[in-house]
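S.K.: Provided below are the primary sequence and the corresponding predicted coordinates.
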2 protein chains.
Amino acid sequence: MSAKVPAGKKIRSNHVDIVQVAQHAGVSPATVSRVANGQSTVAKHLAKRVWKAIEELGYTPNPQARALVSGRSRVLGLLVSEITNPFFPELMQSFEDVAGEHDFEVMIGSTNYNRERAKLFIRRLVQRRVEGVAVMTFRAESHLLDELVAQDIPLVTIDVSANSARSLVLEVDYAYGIDQTIQHLALLGHRRIGFASGPLPHLTNVRRRDAFLNSVKKIGLSAQNTPIFIGDHTFEGGTLAALHFLKCKPRPTAIVCSNDMMAIGVLRVMTERGIRVPREVSVVGFDDIHLAEFTNPPLTTVCMSRQELAHAAFRGLEQLWAGSSPDSNNSIRVRTGLVIRQSTDPPLELADSLRTRSRSRKVKVRSAAI
Amino acid sequence: MSAKVPAGKKIRSNHVDIVQVAQHAGVSPATVSRVANGQSTVAKHLAKRVWKAIEELGYTPNPQARALVSGRSRVLGLLVSEITNPFFPELMQSFEDVAGEHDFEVMIGSTNYNRERAKLFIRRLVQRRVEGVAVMTFRAESHLLDELVAQDIPLVTIDVSANSARSLVLEVDYAYGIDQTIQHLALLGHRRIGFASGPLPHLTNVRRRDAFLNSVKKIGLSAQNTPIFIGDHTFEGGTLAALHFLKCKPRPTAIVCSNDMMAIGVLRVMTERGIRVPREVSVVGFDDIHLAEFTNPPLTTVCMSRQELAHAAFRGLEQLWAGSSPDSNNSIRVRTGLVIRQSTDPPLELADSLRTRSRSRKVKVRSAAI
DNA sequence: TGATTGCAAGAAATCGATTTCTCAAATAAA
DNA sequence: TTTATTTGAGAAATCGATTTCTTGCAATCA
């Protein structure tokens, strides 16, 4: 059926080219191109003939040739932290889907938190002439992106800001997820909620803390009932936070942490002290790292929607292509959402009166929650 | 630093092209090409000058132009079942790594067991002129691959065999993992091991069963102590198998299933009957599906090495490119390996005498096991 | 010494599209 | 009716490489 390729060097695929279509339709290649690209300058009867020929021969334009002349490769780069963290495959899939809908192909690379790996991948991106890169990685160092910046490649980032005019940092709406958290806790009956903040110089930590303050104010909790501990986003910071909250005079019945590692530190202290989570104290994290699913009990935490993140990243690239100034006020927001697992329950004083309450809510709701 | 791109249409990247290199080195573009591609027909002193120019200008050949003239896109396709199953991200990463080392880019698509999705992705692959596709998907229907076959694109598959001369099915060495399983059980002290087979018309099931028979013979178990139940690879099949084995006169102390769904069915029956796994009966699955990690107890099962699978797939494509006949005897094998989780333990009669034995082996050894 | 061969390197063709240029025909304006 | 303008479609240039074709020069041989 298909032409047999001999052992020789030169490989010619059996794809139909534009000249064949042109001959079949009795027009020039230029006309075929115009029709295929939807230009209105072609007479209807000719266009019809061309479409018929395209249809009959099963013509699809050669993307390499097209890329060559247009200077646009229609390839994007996607850099993620680690592929084994379930957060990222979902993000990858969503990003590929949006990109695919717009006829872009995606080169995916996982840094695995390894600088050399990242550098190598970024070099491949530059060599492939990608038209834009979504840097969906955490803990990245901005100078890693220098090669991309030097090539003036549009960049959308989530955690680092590249030193480039053609780049854009997505606005993650931390407040949304934190508000959900507080509402969730309030619904369970908590009225004393501690907050373990991250180091405050960092903007995202200030944002998270402010979001917390805002949310507890909304449900009318006093400052006394919402103690704040400034930690450092590490496991140890979490243990210190836990010890601090345990000493508070009216002891909080729930502890909200500004990242998961601290929450895991809190869990550890509670386990050591024999304080049962969630029965005696509820714990909520932030980030939804891989580990969160495997802690004991599995951690209720806030994570951002991978789908929204992917779409936002793509929209960000579109904005950069369009050349809209990065300081334009139509900034791109990404919602966050609460993932309810098993580290939250009604506070002890309430729980006893609710003993008969169904425990069915403890099913995994990871995907549904966002 | 980089030339500013005006709002105009035509986009020219700031990449150095071969002509600039040629001028800088004072030679013709042809010579640059010859040097860059390592052809020996260039005088040493000229080659040196060219390399210097390439270095100084940071030249990297435009892959689109190269693809156009050579007819080779240097893009591969990778089709997987579902990205949320942790099996696949690992496979994807490994495959991208091998491909990247050989200067190939990979287009990844996840079918999510959805026919339309798969078709769409395959169409994108054809349009992109991929040079080969690794179909690392289970439960695929071979006619899904028809479009690829029609384009004569080399295919390496794992579960389906495409009706194409330029395709190749990887040989999975089921025997290896099953032998590991039996050894593992024997080491724990099991001497009566049941096997729940899948439907026997299918070749892979025959292979798995034969492997089982071989392995138990090797450790000297009689047919009476190794009862076999022919199931259908479903959950219900597993429950039937369990009921069958419970009725066996010398009841097996361990049950090996030829896929995970059946093993999960076995677990269910045991739970219902109050028979503790692994204390009273050990259960082993096959496939290492996503669920296996979340059963109660987490299922010890056989899975194939993602890394080996990825490498094998790439080597398979290389073979097809080289044009070696598919029936050549250097078939490509993929090892399987036992993933020890928590559904296996010494048999009850032995366990009591070993009460003091460390339970530390129960840590997760997923990655280490392969 | 002159004819032949070998070889290195430049000139030019090629890949398959898009896009600019060009020109003839059709329409509009005078 | 004649001239100016628009329009549609083909011819040709272009993108950036690779590869074939040529050519000039040096080496080999008679």
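M.R.: Now that the structure is in, tell me what you want to look at.
S.K.: show me what contacts residue A:316?
M.R.: Residues in contact with residue A:316 (Cβ atoms under 8 Å, 6 or more residues apart in numbering or on different chains) are A:134, A:156, A:168, A:170, A:332. C-beta: built from backbone N, CA, C; applies to glycine.
S.K.: Counting neighbours, which of those residues comes out on top?
M.R.: residue A:134 (28 neighbours; other Cβ atoms under 10 Å in any protein chain shown).
S.K.: picking that back up, please identify which of the contacts of residue A:316 is nearest to chain B.
M.R.: Of all these, chain B sits closest to residue A:134, with 15.0 Å by Cβ to the nearest Cβ.
S.K.: my hunch is that that closest one is in a strand, does that hold up?
M.R.: Yes. Counting by DSSP: H, G, I helix; E, B strand; the rest coil, residue A:134 is part of a strand.
S.K.: Which single residue of the stretch 51-200 of chain A ends up nearest DNA strand D?
M.R.: residue A:69 (3.4 Å; Cβ to the nearest atom of the strand).
S.K.: The residue in the stretch 251-370 of chain A positioned nearest to DNA strand D - how many residues pack around it?
M.R.: Using Cβ to the nearest atom of the strand, residue A:321 is the residue of the stretch 251-370 of chain A that sits closest to DNA strand D, at 18.7 Å. Residues lying near residue A:321 (other Cβ under 10 Å) number 14.
S.K.: Return the distance of the closest residue in space to residue A:103 that isn't next to it in sequence relative to residue A:241.
M.R.: Distance criterion Cβ to Cβ, 6 or more residues apart in numbering or on different chains; nearest residue to residue A:103, sequence neighbours excluded, is residue A:74 at 5.9 Å. Distance of residue A:74 to residue A:241, computed by Cβ to Cβ, to the nearest Å: 48 Å.
S.K.: Residue A:75 too?
M.R.: Residue A:75 is 45 Å from residue A:241, by Cβ to Cβ.
S.K.: neighbour-wise, which of those two wins?
M.R.: Neighbours per residue (other Cβ under 10 Å) separate residue A:75 from residue A:241, with residue A:241 holding more: 28 against 24.
S.K.: Now do the contacts for the residue lying closest to the more buried one once chain neighbours are set aside.
M.R.: Residue nearest to residue A:241 in three dimensions, not counting chain neighbours: residue A:196, with 3.8 Å by Cβ to Cβ, 6+ apart. By Cβ under 8 Å, 6+ apart, the contact set of residue A:196 is A:228-229, A:231, A:237-238, A:241, A:245, A:255-258, A:262-263, A:266.
S.K.: now, which of these sits nearest chain B?
M.R.: Closest to chain B, out of all of those and judged by Cβ to the nearest Cβ, is residue A:263, at 21.1 Å.
S.K.: and the closest one, what helix or strand is that in?
M.R.: Assigned by DSSP states H and E, residue A:263 falls within helix A:260-273.
S.K.: Which residues does the helix or strand following that helix contact?
M.R.: In the C-terminal direction, the helix or strand that comes right after helix A:260-273 (DSSP H and E) is strand A:282-286. With contacts defined as Cβ under 8 Å, 6+ apart, strand A:282-286 is touched by A:177-178, A:181, A:185, A:188, A:190, A:208, A:253-260, A:262-264, A:266-267, A:270, A:277, A:292, A:299-302, A:338, A:343-345, A:347.
S.K.: same question for stretch A:108-123, mean pLDDT?
M.R.: Averaged over stretch A:108-123, pLDDT sits at 94.
S.K.: Just give me how far it sits from the chain centre.
M.R.: Distance of stretch A:108-123 from its chain centroid, counting by Cα atoms, centre = their mean, to the nearest Å, is 18 Å.
S.K.: same thing with stretch A:107-115?
M.R.: Relative to its chain's centre, stretch A:107-115 lies at 15 Å (Cα atoms, centre = their mean).
S.K.: Please identify the buried residues of that stretch?
M.R.: A:107, A:108, A:109, A:110, A:111 (16 or more other Cβ atoms under 10 Å in any protein chain shown).
S.K.: The fourth one pairs with what?
M.R.: To tie it back to what came earlier, the one meant is residue A:110. residue A:80 (DSSP bridges).
S.K.: Could I get the pLDDT score of the spatially closest residue to residue A:199 that is not a sequence neighbour?
M.R.: Of all residues not flanking residue A:199 in the chain, residue A:232 sits nearest, at 5.5 Å (Cβ to Cβ, 6+ apart). Residue A:232 carries a pLDDT score of 91 in this model.
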